[in-house]
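S.K.: Pasting the sequence and the predicted model now:
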Amino acid sequence: MFRQIMRWLLGKRLATHQLAEERFSVLWGLPILASDAVSSVAYAVEEILIILVPAIGVLSFLWLPWVAGAIIVLLLILTLSYRQTVEAYPGGGGAYIVAKENLKPIYGLIVGASLLVDYTLTVAVSITAGTAAITSALPSLFPYHVGIAVTIIILMVLGNLRGLRESSRIFSIPTYAFIFTTIALIVVGIYKHSAGLAPVPAEPMVEIGTSLQAVLLVVLLRAFSSGCAAVTGVEAISDAVPSFREPAVRNAKSTYVLLAAAIIITFGGIAYLAKLYQVVPVEGQTVMAQLAHQVFGQGFMFYLVQATTAVILGMAANTAFAGFPTLLSIIAQDGYVPRQFAMRGHRLSFSNGIVFLAVMAALLVIIFEGDTHLLIPLYALGVFTSFTLAQIGLLVRWFRLKVPGWHYKAFINGLGAVITLTTVIIVTVTKFSHGAWIVLVVVPILVLLMLRIRLHYSSVAKQLDVPNEALPKVNLKYQFEHHIIVPLDSINAMVLKALRYARGISKNVVAFHVEIKEGGADKLKRKWEQLDTDIPLVVKFSQYREIVETLTEYIRSEEHSSRPGDMITVLLPQFFVSHWWQAALHNNTSLFIANAMFHKRNVVVSVVPFYLEDLLTRRELENLNIRELLTKLGVTAAELAFEMRIEKERILEVIHLKLKDVPDPLRTKIIAYLLQVKENLG
């Protein structure tokens with residue numbers, strides 16, 4: 001049932017050779033990898049005005065275009081720089097690889113940790129902003145905004161687990177719909193304003209303070225740092241170059257051009273429209289909602305703008321769902337995070353990274369109660385730290401390699417390094433007390449964790465490594481003195497199969513039973529005496545009913561025949577039921593023993609599986625033939641005859657018959673034996 005549900009949700013699994021088919025073109029790559037930057041248009045202008053309006057009032061609309069213009073210049077420099085990154089490092093990894101290879105590994109880890117934090121914040125901010133757009137159009141849903149945000153994250157996970165190609169198709173239409181509706185809003189808004197058809201702004205403006213000159217620079221810097229949310233997500237394309245179809249480098253560079261054009265038109269247009277209409281941020285209604293209402297009224301286009309805004313803000317998280325798992329897989333290949341993150345899943349996506357990102361983002365949404373304005377101050381610092389180190393890394397690369405045209409490339413990256421470093425300082429100073437300090441604490445902690453993980457992997461590799469020159473000297477003919485212990489609770493078909501297997505590989509076999517009440521093992525001892533075997537039965541009493549501890553003490557004791565250096569195998573008989581829920585009906589003691597024995601030196605844990613069908617279902621029982629029953633029991637005809645105390649020939653005579661066709665009294669005896677097996681195993 002579980003597999004059927006997963007196949008329905010995720011689609012059929014893909015073979016590794018189908019990876020090339022999962023890559024996307026420029027048309028599909030833009031909405032997947034650029035939706036974060038494009039969606040920032042929906043709230044970046046609002047974040048600028050939230051800083052400007054309370055401080056300088058009506059002058060906000062004089063300075064808004066200048067702040068937006070500075071951000072657009074920054075975007076252009078980053079676009080040029082990351083196009084160079086794509087060309088220099090077509091294997092993906094972006095800023096992480098640049099910093100690691102051209103500076104030092106520690107700088108690469110700082111970049112990696114910063115980007116991982118930023119991607120997580122991208123999901124949280126985008127989803128909460130999208131939820132705000134929904135509640136702006138439908139205020140009655142506001143009390144449920146946290147639950148709505150978490151639900152959207154879950155839907156995003158399901159979409160991305162379906163693979164690159166399907167997720168690109170799912171999330172592309174909303175991105176293009178947002179771009180075109182935003183352009184329509186800008187064009188119609190400018191036309192109405194120029195034609196004198198726009199309504200007069202109704203919101204009162206904050207009065208200008210007397211200390212305006214003293215605080216203006218600080219206010220503008222704070223507004224700039226808040227508006228820098230518009231350029232977050234730019235690095236995602238360079239992280240995921242291998243996800244593009246060939247020629248991957250050219251397609252990735254083309255996507256950067258389209259990304260820059262889309263943001264300049266939409267972000268610049270909304271900033272200009274906000275200046276014309278002088279919208280003021282208010283509680284419960286976004287700037288985009290106010291602009292759409294003033295331009296289109298409370299009609300179809302208003303709701304279309306709100307709908308596409310809500311969807312794109314949710315879909316913007318898809319940039320993180322594309323970039324985060326890819327970056328994490330590259331870091332995992334270097335051994336700085338668990339290697340499970342480097343493995344592709346059911347649909348060739350990095351499933352572990354996708355799920356991990358969703359869990360972290362959902363926690364942020366819950367902790368910050370789905371408030372976008374509380375999350376924004378954490379947002380830009382990490383990504384601009386990575387921007388800066390990447391620019392410096394490329395600058396070092398050009399000075400070292402001196403490839404043709406390196407002067408131009410070095411100038412671009414040098415200018416980018418100065419501007420992004422300046423932005424880091426501005427963001428740190430202006431946002432520190434508003435939450436940026438959290439990033440300054442979390443990133444070093446993540447770097448330390450990465451170093452510890454790498455140290456662990458290095459230690460494991462060192463201990464497991466066998467040098468090539470040592471291979472000829474390895475003695476594989478050495479024979480261990482081998483001892484086998486078979487823990488048992490009763491004598492049944494499963495235990496007998498394990499004992500036969502144990503005797504087949506060693507003469508030093510012991511059956512071990514823990515008695516938990518006085519006289520509890522008497523029945524077992526009587527049945528054991530009836531067996532034709534020289535395997536000793538060891539019974540130990542435990543007044544505290546501690547099976548694992550009693551077995552461990554026996555292995556360590558002098559009573560056991562093993563000596564230091566000998567190998568001991570704990571051979572565990574374990575049956576497996578036909579339905580998953582039936583496992584909960586049994587003690588599964590073998591699993592607890594196995595887990596405890598894994599930590600013992602010179603002790604090998606082995607399991608003898610016994611596959612048990614639901615033999616108590618009368619219809620299934622009667623429609624099985626005797627050969628099928630023998631297979632399911634894991635015994636031969638001779639062994640079944642021995643257990644039932646009948647001649648082997650009687651079993652062979654009916655081996656091709658269904659149980660319901662076997663004549664009595666043999667049929668009744670077989671059914672009685674099967675029921676006894678079931679009772680003993682229960």
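M.R.: Okay, I see it.
S.K.: residue ranges with poor pLDDT in the chain?
M.R.: Along the chain, segments meeting pLDDT under 70 span 1-22, 163-171, 198-215, 314, 346-348, 376, 612-621, 632-634, 675-682.
S.K.: What are the boundaries of the strands in it?
M.R.: 482-487, 509-515, 537-541, 567-576, 603-611 (DSSP state E).
S.K.: Show me the contact partners of the second one.
M.R.: It stands for strand 509-515. 483-489, 499, 502-503, 521, 524, 528, 535-542, 546-547, 550-551, 554, 560-561 (C-beta atoms under 8 Å, 6 or more residues apart in numbering). For glycine as for every other residue, the C-beta is placed from the backbone atoms N, C-alpha and C.
S.K.: Show me which of those residues are buried.
M.R.: For those, a neighbour count by 16 or more other C-beta atoms under 10 Å gives the buried set as 483-489, 499, 502, 521, 524, 528, 535, 537, 540, 542, 547, 550-551, 554, 560.
S.K.: one step back: would you reformat the strands of the chain as TSV and include distance to Met315?
M.R.: Converted to TSV, the strands of the chain look like this (distance: least, C-beta to C-beta, whole Å):
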stretch	distance to Met315
strand 482-487	55
strand 509-515	59
strand 537-541	63
strand 567-576	44
strand 603-611	47
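S.K.: Compare those strands and give me the one nearest Ala124.
M.R.: Among the strands of the chain, strand 567-576 comes nearest to Ala124, with 42.4 Å by C-beta to C-beta.
S.K.: number of nearby residues for Leu440?
M.R.: Neighbours of Leu440 under the rule other C-beta atoms under 10 Å: 13.
S.K.: just checking, it touches Thr428?
M.R.: Yes - between Leu440 and Thr428 there is a contact at 7.5 Å, judged by C-beta atoms under 8 Å.
S.K.: Return every residue with contacts to both of these two.
M.R.: Common contacts of Leu440 and Thr428 (C-beta under 8 Å, 6+ apart): Leu381.
S.K.: Just tell me which of the strands of the chain ends up closest to Leu304.
M.R.: strand 567-576 (55.8 Å).
S.K.: Could you list the paired strands of that closest one along with their orientation?
M.R.: Using DSSP bridges, the strands paired with strand 567-576 are strand 482-487 (parallel), strand 603-611 (parallel).
S.K.: outside of that strand, which residues touch it?
M.R.: 480-488, 494-495, 497-498, 501-502, 506, 551, 555, 560, 562, 586, 588, 590-591, 593-594, 597, 602-612, 681.
S.K.: Pull the contacting residues for Tyr379.
M.R.: Asp118, Leu121, Thr122, Val125, Ala229, Thr232.
S.K.: Chain neighbours aside, what residue packs nearest to it?
M.R.: Leu121 (5.1 Å; C-beta to C-beta, 6 or more residues apart in numbering).
S.K.: residues contacting that neighbour?
M.R.: Leu121 makes contacts with Leu364, Leu375, Leu378, Tyr379, Gly382, as judged by C-beta under 8 Å, 6+ apart.
S.K.: any idea how far it is from Phe368?
M.R.: Note on Leu121: its distance to Phe368, by C-beta to C-beta, to the nearest Å, is 10 Å.
S.K.: Need the overlap of contacts for these two.
M.R.: Common neighbours of Leu121 and Phe368 (criterion: C-beta under 8 Å, 6+ apart): Leu375.
S.K.: circling back to that earlier point, make a markdown table out of the contacts of Tyr379 and add distance to Val53.
M.R.: Listed next are those as a markdown table, based on distance: C-beta to C-beta, whole Å:
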| residue | distance to Val53 |
| --- | --- |
| Asp118 | 27 |
| Leu121 | 25 |
| Thr122 | 26 |
| Val125 | 21 |
| Ala229 | 17 |
| Thr232 | 23 |
